[in-house]
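Asks: pasting a predicted model and its sequence here:
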Amino acid sequence: MFAAIKVLVLFSLLTGVVYPIVVTGLSQVLFNSKANGSVILKDHKSIGSALIAQNFSQDKYFKSRPSAADYDASSSGATNLSITSKEFKEAVEQRALLYKASDLLTASSSGLDPHISREAALEQADRVLMARGLGVDKKESLVSLINSSMEQKTFGFLGEQRVNVLLLNLKLDESL
């Protein structure tokens, strides 16, 4: 019985103390930004995370995909509405009046995807220019900004190329 207690204590220390400390330490050293939430700072203030979408309500900014969680990370999750659902169809039809890009019509699985496609960004370019009081002569600069903000496929083959909306909007504020 004494041996069983020693094994219990040993494994409790290994799995409950040593392992978490080692994994936390390694993540802080090897993946510091990601381990700390990929927080983006501006003037030493946190303005968001590169991993979680935000609701940009002003027309002068690019907008993220719709969020089933109202952009609240603590409520992450899909709507669980079927494509045959009347509520789903109505929401998509309403968004289709504003947008053509498919990723702006539906929420992501988590409801918090911070990325949109290049097409979705280009579709919003005219609205952003107009809201900022910029002429069409600046459209080429804006398209160039979108192109320079493109993130490649993960590991070169997973997913699609994409634009992080928060990072694009930050670049937009700095350049136009």
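Replies: Sure, I can see it.
Asks: from now on I want contacts and neighbour counts done on CA atoms only, so please keep to that.
Replies: OK.
Asks: what's the nearest residue to the residue nearest in space to the middle of the chain if we skip its chain neighbours?
Replies: Nearest residue to the geometric centre of the chain (CA atoms, centre = their mean): residue 114, 1.7 Å. Nearest non-adjacent residue to residue 114, counting by CA to CA, 6 or more residues apart in numbering: residue 53, 3.9 Å away.
Asks: the one you found contacts residue 110, correct?
Replies: No - in this structure, residue 53 is not within contact of residue 110 by CA atoms under 8 Å, at 10.1 Å.
Asks: pull out the buried positions in the longest helix along the chain.
Replies: Across the chain, the helix with the greatest residue count (assigned by DSSP state H) is helix 118-131. Buried residues in helix 118-131, counted by 16 or more other CA atoms under 10 Å: 118-126, 128-129.
Asks: what is it packed up against?
Replies: helix 139-148, strand 162-164 (3 or more CA pairs under 8 Å, 6 or more residues apart in numbering; DSSP states H and E).
Asks: domains for this structure, by residue range?
Replies: What the record gives for the chain is the domain set 1-36, 49-175, from automatic domain parsing.
Asks: compute the first-to-last residue distance for the last one.
Replies: The reference is to domain 49-175. 21 Å (CA to CA, to the nearest Å).
Asks: report the distance from it to the chain centre.
Replies: Here the centre of mass of C-alpha atoms in domain 49-175, compared against the chain's by CA atoms, centre = their mean, to the nearest Å, lies 9 Å away.
Asks: avg pLDDT for that domain?
Replies: The pLDDT scores in domain 49-175 average 89.
Asks: just the first one next, same as before
Replies: Domain 1-36 shows a mean pLDDT of 93.
Asks: present the buried residues of helix 118-131 as a markdown table; the columns should include distance to residue 135.
Replies: Shown next, in a markdown table, are the buried residues of helix 118-131 (distance: CA to CA, whole Å):
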| residue | distance to residue 135 |
| --- | --- |
| 118 | 21 |
| 119 | 20 |
| 120 | 20 |
| 121 | 18 |
| 122 | 16 |
| 123 | 16 |
| 124 | 14 |
| 125 | 11 |
| 126 | 9 |
| 128 | 10 |
| 129 | 7 |
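Asks: how about the secondary structure of residue 46?
Replies: Classification of residue 46 by DSSP: H, G, I helix; E, B strand; the rest coil places it in strand.
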